[in-house]
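Engineer: Okay, here's the prediction I keep looking at, along with the sequence it came from:
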Amino acid sequence: MQNYALLRRVGKMKKPVLLKRGMSATLEEWLMAAEYILAGGNKQVLLCERGVRTFNDHSRNTLDLSVVPPLQATSHLPVLIDPSHGTGKRAYVPPMALASLAAGSDGLLLEIHPNPDKAASDGMQTIDFPTFTKLRKTLEQLSPFLGKNLS
């Protein structure tokens with residue numbers, strides 16, 4: 001997010017870009033990084049919130065869902081939430097994914113593995129297929145009440 005030369009080069013590409021928020025980045029800094037890409041002509045930018053550094057000790061990061069409404073009020077870019085990296089703990093992924101939907105996010109980035117305890121990396125934050133299936137069902141049930149269409 002802070003490598004401006006890279007952001008300029010990515011702006012010249014005709015490929016979708018997932019711009020993840022830096023761990024200490026403000027909303028404005030994040031949007032300005034997206035502007036570098038957009039100014040280069042690449043309009044396929046998605047913003048991804050994956051947690052910010054705080055003083056908490058109960059999760060890896062603090063998943064900042066409060067950033068979704070102001071992002072959507074000030075930007076046309078889609079907002080994705082990554083509760084896997086945002087919390088770093090498997091048990092927190094489903095509730096934070098549901099909260100992400102309620103906050104108005106446009107999508108989720110989830111780490112899923114058939115056997116998370118044997119995953120090559122990030123197993124502690126990875127959910128298994130049955131958990132994903134249950135989460136998906138709950139998201140589908142809630143989405144109409146929140147004005148969202150899961151597809």
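Structural biologist: Good, I have the coordinates. From a predicted model like this one, the values you see are computed outputs, not experimental measurements. Residues are numbered from 1 along each chain as shown.

Engineer: Could you pull up the contacting residues of residue 138?
Structural biologist: If you count contacts by CB atoms under 8 Å, 6 or more residues apart in numbering, residue 138 has them with 94, 98. Glycine gets a C-beta too; all of them are placed from N, C-alpha and C.

Engineer: Look up which helix or strand it falls in, please.
Structural biologist: Using DSSP states H and E, residue 138 sits in helix 129-142.

Engineer: So what pairs up with the residue most central in space within the chain in the strands?
Structural biologist: For the chain, residue 81 is the residue whose C-alpha lies nearest the centre (CA atoms, centre = their mean; 2.4 Å). Taking DSSP bridges as the rule, residue 81 bridges to residue 49, residue 108.

Engineer: from memory it sits against residue 100, does it?
Structural biologist: Yes - Residue 81 lies in contact with residue 100 (CB atoms under 8 Å); the separation is 3.8 Å.

Engineer: Please consider this matter closed, and thank you.
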